[in-house]
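Visitor: sequence-free structure coming up:
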């Protein structure tokens, strides 16, 4: 991940160990994905449990980098307020 936001220069590491809480967000996202993918494969498609399980786990392995970054972004948004005008620069020129 970048050390600072390329648009507003917000530092992404606010303090040591800050993103430890993002593991809880990541866990929640993983549980939602695993349950929904498993239910989709098992109930809607009708795949046997032992066939659906490798596809669900394989899908998570492919999605894990996105889940990692998204969980950190969600966790950061709890503590840092969004400003549509980052540096106080107006879109209109005087």
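Guide: Perfect, I can see it now. What you see is a predicted model; the values in this text were computed from it and never measured. Residues are numbered from 1 along each chain as shown.
Visitor: mind checking pLDDT for the residue nearest to the spatial centre of the chain?
Guide: Nearest to the geometric centre of the chain sits residue 70, at 1.9 Å (CA atoms, centre = their mean). According to the predicted model, the pLDDT of residue 70 comes to 92.
Visitor: how about it, what does it touch?
Guide: Contacts of residue 70 were listed using CB atoms under 8 Å, 6 or more residues apart in numbering, and they are residue 29. Using the backbone N, CA and C atoms, a C-beta is placed for each residue, glycine as well.
Visitor: Which positions within whichever helix in the chain runs longest qualify as buried?
Guide: Secondary structure of the chain per DSSP state H: the longest helix is helix 49-79. Within helix 49-79, the residues scored as buried using 16 or more other CB atoms under 10 Å are 52, 53, 56, 67, 68, 71, 72, 75, 76.
Visitor: Of those residues, just say which sits nearest to residue 21.
Guide: Closest approach to residue 21 among these (CB to CB): residue 75, at 5.5 Å.
Visitor: do you know how far the closest one is from residue 26?
Guide: Per CB to CB, to the nearest Å, residue 75 is found 9 Å from residue 26.
Visitor: Same check on residue 73?
Guide: Going from residue 73 to residue 26 by CB to CB gives 11 Å.
Visitor: same thing with residue 54?
Guide: 22 Å.
Visitor: cool, and residue 46?
Guide: Counting by CB to CB, the gap from residue 46 to residue 26 is 30 Å.
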